[in-house]
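Visitor: No letters, just coordinates:
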C-alpha cells in the first residue's frame, strides 16, 4: 500500500528545491513528515478529515500545521482535506447543523443557503459566510462533532485497511 500511495504523493526533494519554502526547510524536511507507514498515514487521514470541515481558507493550512505538530505524513494530511469541495461542503454543513441541533436541543431557524453566482463569486462567497454566521452554535457544535467522528472513523479505517493489506500480502508470499 505504501508504494501505491508514494506514486501519487510528492517527495521531500520537491520541497527542498522550492525557493519559496526555504525559510521552513528545517521544519518541512523532518523525515517523519514524509515517511509513510500505517501510523503516519492513519494520523494524516484523521487530521485531514478533521481539518477538512474548517472553513475553506483554513483547511490545508491547519492540516499542515497539525501534521508538523504531530509529525505525521504532511502530503497525505493536506490531500485528505480535499473531500470537502463545492459539491460536498454545503451538504456536510447542513448535516452538521442538524447534528448540532439534536445535541443542543431547541429550535434553530434554518434558512436555505444562498445561490451561487458564477458572474460574481466574491459576492457569493460573502453571502455564504454570512449565511454560516447566522446559523450559530448548532453549526459550530455539529461541525466539531462531525469532524471528530470522521477523524476517528478515518483513523480506524486506515489502520484496519492497512493491516488487512499487510496480512493478505503475507499470505500471498507464504503461498508462493
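Guide: Ah, there it is. Keep in mind the model is a prediction, meaning the values are calculated, not measured.
Visitor: Off-centre distance for the lengthiest helix in the chain?
Guide: The longest helix of the chain (DSSP state H) is helix 137-175. Chain-centre distance of helix 137-175: 13 Å, with C-alpha atoms, centre = their mean, to the nearest Å.
Visitor: now swap in stretch 161-176 and tell me
Guide: Centroid separation for stretch 161-176 versus its chain: 29 Å, with C-alpha atoms, centre = their mean.
Visitor: Please give me every residue in contact with residue 92.
Guide: 53, 84, 146 (C-beta atoms under 8 Å, 6 or more residues apart in numbering). Placement of C-beta: from N, CA and C, glycine included.
Visitor: three-state assignment of it?
Guide: When classified by DSSP: H, G, I helix; E, B strand; the rest coil, residue 92 comes out as helix.
Visitor: Could you measure from the residue most central in space within the chain over to residue 166?
Guide: Closest residue to the average C-alpha location of the chain: residue 48 at 2.4 Å, with C-alpha atoms, centre = their mean. From residue 48 across to residue 166, the span is 22 Å (C-beta to C-beta, to the nearest Å).
Visitor: Residue 113 against residue 128, yeah?
Guide: Yes - assessed by C-beta atoms under 8 Å, residue 113 is found in contact with residue 128 at 6.9 Å.
Visitor: Now tabulate the contacts of residue 92 in TSV and tack on pLDDT.
Guide: Output for the contacts of residue 92, formatted as TSV (pLDDT from 0 to 100):
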residue	pLDDT
53	94
84	93
146	97
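Visitor: ranges for the helices of the protein?
Guide: Under DSSP H, the chain gives helices at 2-8, 12-17, 25-28, 38-51, 59-70, 74-80, 89-104, 121-135, 137-175.
Visitor: so where's this protein shaky on pLDDT?
Guide: 1-2, 4-12, 15-16, 20-29, 106-111, 132-134 (pLDDT under 70).
Visitor: can you do 90?
Guide: Residue ranges of the chain with pLDDT under 90: 1-37, 55-58, 74-75, 85-86, 89-90, 93-94, 97-98, 100-141, 176.
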